[in-house]
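Below is the structure, and that's it, no one-letter string:
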């Protein structure tokens, strides 16, 4: 077990190191001078030099890199070149919205993927299987922003059952007192159930739009794995012991079939956490995706490089957790085989 | 009836996948005395495993048992619900499967899987008592340091040990009938004989009747006292083991025997093989299903037109039930003859 944990952690650190280099190099390779952006086109060469010095652009490249990563891991992410606000404040404002949407959408996706996969495998519903295949193709083949627009037309414009693109809360609701920055949780903590419900309502359509293609992916994966595992002899053996079908399925088919899904789930959650520009744009979601989009347009290096690194760190951490969970669930990962047959 | 440990009548199983209907088991009937050891032999795809699963009521869609009755110790079990059958499976009739690599759940400990077999029929048993019983069971199948190795996972066991675990789980409740589907096929020869010796000892001790499904005739001759030769979903010849080895009456049984390498008959030529392939079970030939490959009946019109009825014949080494139009003649013809013309 110890070996696996060490290997995974070392691998994760390596991946993050790679991401720091990438974030650093790509942004410096792009055209445009950030100091010029800060001081504006009419500034004197002295002002430009002074700002360049201030943000460290005149230092040797390795010093710049070292300062960049040491500041990043100290939580000192610098100031936005575009509007002078601290990057940590900018990201701190936006990240919770992205995390809340990501977690909600992820939970939605996984929950329905498991239910649907069980329906067509354990319950053997051929018609449901066909419908699900259709939904999966739709999810794979349609751009998420288009799905988002369709959902809005359907549930907001036509049926008026869910709120439109107005961000995280309705206009009548005020954000709950901040504890966790998640509106749903904070509303519950404050006991404001109206606000809680509004937050949930506002999460539903973006969650579906964000999660549909991942749902399609995971449901196909899980379905295939469940079908394969349920044909394994150890399922027949479990049934032969006298276990009921569901018991054998739950105890033996599900844990085995879930292993590949766990890996896929880690990738999906990591992707969600990086935010989606298009989904956030369509739903006016004040998340990190739209912040970064604006920052790229404005060549706001400080924001963009922090975002790249931050999303890389989150992605790596999520997948590190998945790998460790994998080792917990699958003994073949943590215990070497000693069979001597 | 009730002196039989297991009595199967007219059992039929099909697999349907839209346009095709595969007749895996066709109208099979047999009886087993308590402690009898029946070897079921046949080529791959002859319906042996489907027969095993049909008896246990474990045929999964798209397969289904279309008819027949199964009486276990005098109790009719083929009409029971899945839940009622659950109380029978693992208790009165148990199963050991072919591949020890895949017969155990790779992510659960050996102990938990053995305990599961115990607890399935003794739910009131305390966990510590079940664990003790599991260790005893593993000891019974010669797993060294069984108590300590309960917490190991299947991949930490060798193939032979896994098969012992599978046997331990099957005998946990002292079943009256044990169905072993190719229990030794995946093992090397030494391990194979150890596992067979173990099975032999246990069924002897517990008085268990065994159906041993295999395509290894050597295993049958060592272990079984009766044999059923299965072809295209039917028992084409049923008899004591001596009969099959001394005077196989069905041309298929005879051909099967000839395919076993025999050091005393070694020649330079290739090992004899049965020409042709087993029939497609969704498009069975009319008449006798072996007729297209049969050295005796290939040219005989009757064999292609009319399905043979089971005939009781008296061979040199005891009685046999044979489904062949030529059974009577052949039973006489082959008596005491070891070399038979092709």
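Looks like it came in fine. Everything numeric in this text was worked out from a predicted model, so none of it was measured.

which regions of the chain lie under the pLDDT threshold?
In the absence of a named chain, this looks at chain A. A:1-2, A:338-341 (pLDDT under 70).

wrong one, chain B
In chain B, residues with pLDDT under 70: B:1-2, B:262-268, B:332-342.

Swap in 80 and give it another go.
B:1-3, B:98-101, B:183-187, B:260-273, B:275-276, B:315-317, B:331-342 (pLDDT under 80).

Mark out where each domain of the chain begins and ends.
No chain was given, so I picked chain A. For chain A, automatic domain parsing gives the domain ranges A:2-73, A:95-297.

Hmm, no, I was thinking of chain B.
Split by automatic domain parsing, chain B gives B:6-224, B:250-333.

Tell me which of the ones you listed sits nearest to chain A.
domain B:6-224 (3.4 Å; CB to the nearest CB). For the C-beta atoms, the positions are set from N, CA and C on the backbone; glycine is no exception.

for the nearest residue to residue B:149 once chain neighbours are set aside, what are its contacts?
Nearest-residue entry for residue B:149: residue B:143, 6.1 Å, with adjacent residues in sequence omitted and distances by CB to CB, 6 or more residues apart in numbering or on different chains. Residues near residue B:143 by CB atoms under 8 Å, 6 or more residues apart in numbering or on different chains: B:149, B:161, B:164-165, B:168.

What is the neighbour count of residue A:116?
22 (other CB atoms under 10 Å in any protein chain shown).

ok so, going back, out of the domains of chain B, deepest packed?
Among the domains of chain B, ranked by average contacts under mean count of other CB atoms under 10 Å in any protein chain shown, first place goes to domain B:6-224 (a mean of 19).

Can you add distance to residue A:237 and give the domains of chain B back as CSV?
CSV is the format used below for the domains of chain B (distance: least, CB to CB, whole Å):
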stretch, distance to residue A:237
domain B:6-224, 5
domain B:250-333, 25
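
Need phi/psi at residue B:234.
Note on residue B:234: backbone dihedrals following degrees, to the nearest 10 are phi -120, psi 150.

Residue B:29 is in contact with that one, correct?
No - counting by CB atoms under 8 Å, residue B:234 stays clear of residue B:29, with 9.9 Å between them.

so where do the helices sit in the stretch 151-300 of chain A?
Here the stretch 151-300 of chain A has its helices, by DSSP state H, counting those that start in this stretch, at A:183-190, A:193-230, A:233-240, A:245-248, A:254-273, A:277-283, A:288-297.

elements contacting the third one?
This points to helix A:233-240. Where contact means 3 or more CB pairs under 8 Å, 6 or more residues apart in numbering or on different chains; DSSP states H and E, helix A:233-240 is packed against helix A:245-248, helix B:48-56, strand B:93-96, helix B:159-170.

Go again with 6 Å.
In terms of contacts (3 or more CB pairs under 6 Å, 6 or more residues apart in numbering or on different chains; DSSP states H and E), helix A:233-240 is packed against helix A:245-248.

The last one now?
Contacts of helix A:288-297 with other secondary structure elements, assessed using 3+ CB pairs under 6 Å, 6+ apart, are made with helix A:87-121, helix A:277-283, helix A:301-329.
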